[in-house]
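1. Would you be able to build a 3D model of this:
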Amino acid sequence: MNSVAEAVAPRRWHYYGWNIVAICMFSQVAANGLTYNAFSLFVKDWSVDLNAPISQLQLAVAAMGLACALISPLIGTLADRLPARRLMACGLVGIGIFYVLVSFTTAAWQLIALYGLVVPLALNLSTSIVTNSLISRWFVRRLGLALGISSFGLGMAGVLLPPLIASLLPEVGWRMIWRGAGLVVALVLMPLVLLIVRNRATEREGLHYLTSDGSAPAVHAHGHGGGGAGGMSWGAVLSRGNFWLLVFIFLPIMAINGGVGQNIAPYAASHGLGLLAGGQLLSLLSFSNIVATLALGMMADRFGTRLPLAGLALLVAIGAAVLTFATDLPTIVVGCILVGFGGGVFTLLAAALAAEFGAEGVGRAFGTAMFFIPLVGLAPFTIAKVKENTGSYAGAFLGMMALVLVAFVLSLLLRPPRGSGAASTAA
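-> Below is the predicted model:
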């Protein structure tokens, strides 16, 4: 027995699953980088060039959220049944085409139409619904950490891109930025996905990471997802009380996190700060997202997801209150850090759903959860509209803070996970 363990141990440090995690991370950077992470930096130029108010431009994000939600259950089913390599490659080609098309828009309705019609399928295929399902087929041990590193891509795009874009915008203009990004995604990253992604580990190479104790692979939970039977039904997903609790926990957290992120540049301007400061604040939001995704992933492995969700909701609520009453840059920075932690909720959501439904059902469960995103898709528009109507962000921020506090209470009601994957994935 010792000789077997010794033979396996050195191999685990070279586990191919970490290559899968890396390519999932870069796929999410490519898909979300301009589409969502840097959106706030373009709205001022779009407002001038497309002759539209900022609140109208924010409807693009709402349209994207609505359409993404409508097709997310279907994408979740595909993620459990079809090879991830094929799905991700198609998604990244779509993202590249979208980036190029945005660079040719001449009216606000065109931008909204592209976000509502082109983005949803491409974004869902190349980001968390497919990548979380893929990663859950490669990991039981260290699943939370693997999901956190994958989500690290979302935050990294927000850290690196906003300062770069803020400096490039005056020099090359927004159209050239979008065209260049489209070419990079379609011609560089998509071929890497085709080269690297594999759907699951072999029994031997997955011996350490596909169980909780390293003794033998968890075949039932992790041997047949993605391209297999995909046996979890929507009815089985919707019948779980924990599923509904998780939905109503993550929605308010994402509402304030996304709403602040898409309005941070105008918010900074309302406090007398320039575009560069807005880009730095957006980068800060994403940096705190990175910290949260990694920390929360490790906490999920060690403590489960209930207490980390409760602590996250409380921190985000405090951040919303800080931004409501902030009058100087240092205070705004503190509020951005706390609200930025909210981006880590996707790591906890994926880990909780993997524990509840197992690898054979996490794609469908996560996709079904994303169906409810339209409930928060109007958050950026609402915040911008409240500011235009009242001259202040206070009403919108305080209202969303109250909803996050409700999420804090609901997180305490979560029960230990059950289902096909619970035994092998629960911390």
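2. Now do the helices in the stretch 51-200 of the chain.
-> 54-57, 59-81, 84-102, 108-117, 119-126, 128-136, 143-184, 190-196 (DSSP state H, counting those that start in this stretch).
3. now those in TSV, with mean pLDDT and distance to Tyr15?
-> Using the backbone N, CA and C atoms, a C-beta is placed for each residue, glycine as well. Shown next, in TSV, are these (pLDDT from 0 to 100; distance: least, C-beta to C-beta, whole Å):
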stretch	mean pLDDT	distance to Tyr15
helix 54-57	85	44
helix 59-81	86	22
helix 84-102	94	17
helix 108-117	94	38
helix 119-126	93	23
helix 128-136	88	12
helix 143-184	82	10
helix 190-196	91	14
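4. Now distance to Ala365 too, for these, in a markdown table please.
-> Shown next, in a markdown table, are these (distance: least, C-beta to C-beta, whole Å):
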| stretch | distance to Ala365 |
| --- | --- |
| helix 54-57 | 33 |
| helix 59-81 | 7 |
| helix 84-102 | 16 |
| helix 108-117 | 25 |
| helix 119-126 | 15 |
| helix 128-136 | 9 |
| helix 143-184 | 14 |
| helix 190-196 | 24 |
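5. out of these, nearest to Ala369?
-> helix 59-81 (7.9 Å; C-beta to C-beta).
6. so where's this protein uncertain?
-> Under the criterion pLDDT under 70, the flagged ranges of the chain are 1-13, 153-155, 157-158, 205-232, 418-427.
7. ok so, going back, let me have the helices of the stretch 51-200 of the chain in TSV, extended by mean neighbour count.
-> Listed next are those as TSV, based on neighbours: other C-beta atoms under 10 Å:
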stretch	mean neighbour count
helix 54-57	22
helix 59-81	23
helix 84-102	23
helix 108-117	18
helix 119-126	25
helix 128-136	31
helix 143-184	21
helix 190-196	16
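8. Compare the ones you listed and give me the one nearest Ala292.
-> Nearest to Ala292, of all those, is helix 143-184, at 7.9 Å by C-beta to C-beta.
9. Check which helices and strands that closest one sits against.
-> helix 17-32, helix 39-49, helix 84-102, helix 128-136, helix 275-303, helix 345-357 (3 or more C-beta pairs under 8 Å, 6 or more residues apart in numbering; DSSP states H and E).
10. To Val237, which of the helices of the stretch 51-200 of the chain lies closest?
-> helix 59-81 (8.9 Å).
11. Tell me what angle that closest one forms with helix 84-102.
-> If you take axes from the mean of the first three to the mean of the last three C-alpha atoms, to 10 degrees, helix 59-81 sits at 160 degrees to helix 84-102.
12. and the direction of helix 59-81 versus that of helix 119-126, what angle?
-> Interaxial angle, helix 59-81 versus helix 119-126 (the same axes, to 10 degrees): 40 degrees.
13. Which strands or helices does helix 59-81 pack on?
-> Checking 3+ C-beta pairs under 8 Å, 6+ apart, helix 59-81 ends up next to helix 84-102, helix 108-117, helix 119-126, helix 128-136, helix 362-370, helix 374-377, helix 379-390.
14. Export the longest one to CSV, keeping only CA atoms.
-> Meaning helix 84-102. What follows is helix 84-102, C-alpha atoms only, in CSV (Å, rounded to 0.1, in the frame of the first residue of the first chain):
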residue,chain,number,x,y,z
ALA,A,84,-16.0,20.7,-23.1
ARG,A,85,-13.3,21.3,-25.8
ARG,A,86,-15.9,21.6,-28.5
LEU,A,87,-18.1,23.9,-26.4
MET,A,88,-15.4,26.2,-25.3
ALA,A,89,-13.8,26.6,-28.8
CYS,A,90,-17.2,27.5,-30.3
GLY,A,91,-17.8,30.0,-27.5
LEU,A,92,-14.4,31.7,-28.0
VAL,A,93,-15.0,32.0,-31.7
GLY,A,94,-18.3,33.7,-31.0
ILE,A,95,-16.6,36.1,-28.5
GLY,A,96,-14.0,37.1,-31.1
ILE,A,97,-16.7,37.8,-33.7
PHE,A,98,-18.6,39.9,-31.1
TYR,A,99,-15.6,42.0,-30.2
VAL,A,100,-15.1,42.9,-33.8
LEU,A,101,-18.8,43.6,-34.4
VAL,A,102,-18.9,46.0,-31.4
